[in-house]
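Build me a model:
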Amino acid sequence: MTPTNPTFKCNSVMLIDDNTIDNFINERIIRNQFFSDNILVHTNVSSALEYFANIKKMKNISPVLIPDYIFLDINMPLMDGWGFLQGFEKLNLPFDCKIIVLTASVNPADEGKAKSYKNVVGFFSKPLSDAVLELL
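Have a look, this model is predicted:
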């Protein structure tokens, strides 16, 4: 039975993945687990970085615009997840977002590389699962 007024763990989360099917599935898991009801979806790194550059310019930023967690894919065309992590750090945002790398990469060096970025708090294999959300 679904609660009538569920309490969500986060104000908002962001998905950055070029695969729209993965985004759809991840959105459903996040909503079904009452992790967040506000899910910002970007299918490329450039639009996600532009989003953050724009909200950085705002004076009174609504908490719902700042994702508590960013779920980031590494392997994307044009600019990959590494490009996002570099660009995100360069923005020097006045707020923090926790980044979870959610990837199909099987390269063991990727986890170490990801954790070298200050905002990365987790590295998990796709697909997103209830168990991952429970760890956060």
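
where do the helices sit along this protein?
Assigned by DSSP state H, the helices in the chain fall at 20-32, 45-56, 81-90, 108-114, 130-135.

Dump those to TSV, plus mean pLDDT, mean neighbour count and distance to K9.
Quick note: C-beta positions are derived from backbone N, CA and C, even for glycine. TSV is the format used below for these (pLDDT from 0 to 100; neighbours: other CB atoms under 10 Å; distance: least, CB to CB, whole Å):
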stretch	mean pLDDT	mean neighbour count	distance to K9
helix 20-32	96	15	10
helix 45-56	96	16	21
helix 81-90	96	18	22
helix 108-114	93	13	23
helix 130-135	94	13	8
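
could you dump those helices to CSV with distance to V101?
CSV is the format used below for the helices of the chain (distance: least, CB to CB, whole Å):
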stretch, distance to V101
helix 20-32, 13
helix 45-56, 13
helix 81-90, 7
helix 108-114, 5
helix 130-135, 11
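
Of all the ones you listed, which one comes closest to I74?
Of all these, helix 81-90 sits nearest to I74, with 3.8 Å by CB to CB.

ok and the closest one relative to helix 45-56, angle-wise?
10 degrees (axes from the mean of the first three to the mean of the last three CA atoms, to 10 degrees).

what does helix 81-90 contact?
16, 45, 48-49, 52, 72-75, 97, 99, 101, 103, 113-114, 117-120 (CB atoms under 8 Å, 6 or more residues apart in numbering).

can we see that at 6 Å?
For helix 81-90, contacts defined as CB atoms under 6 Å, 6 or more residues apart in numbering pick out V45, L49, L72, D73, I74, Y117.

Tell me who's in contact with the third one.
Counting by CB under 6 Å, 6+ apart, L72 touches I16, G81, I99, V101.

Just the buried residues of stretch 109-129, please?
The neighbour-count check on stretch 109-129 (16 or more other CB atoms under 10 Å) flags D110, A114, Y117, V120, V121, G122, F123, F124, K126, L128 as buried.

what's the distance between the second one and G122?
So that's A114. Using CB to CB, to the nearest Å, A114 is found at 9 Å from G122.

rewinding a little: any chance of the contacts of L72 in CSV, with distance to P63 too?
Output for those, formatted as CSV (distance: CB to CB, whole Å):
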residue, distance to P63
I16, 20
G81, 25
I99, 18
V101, 24
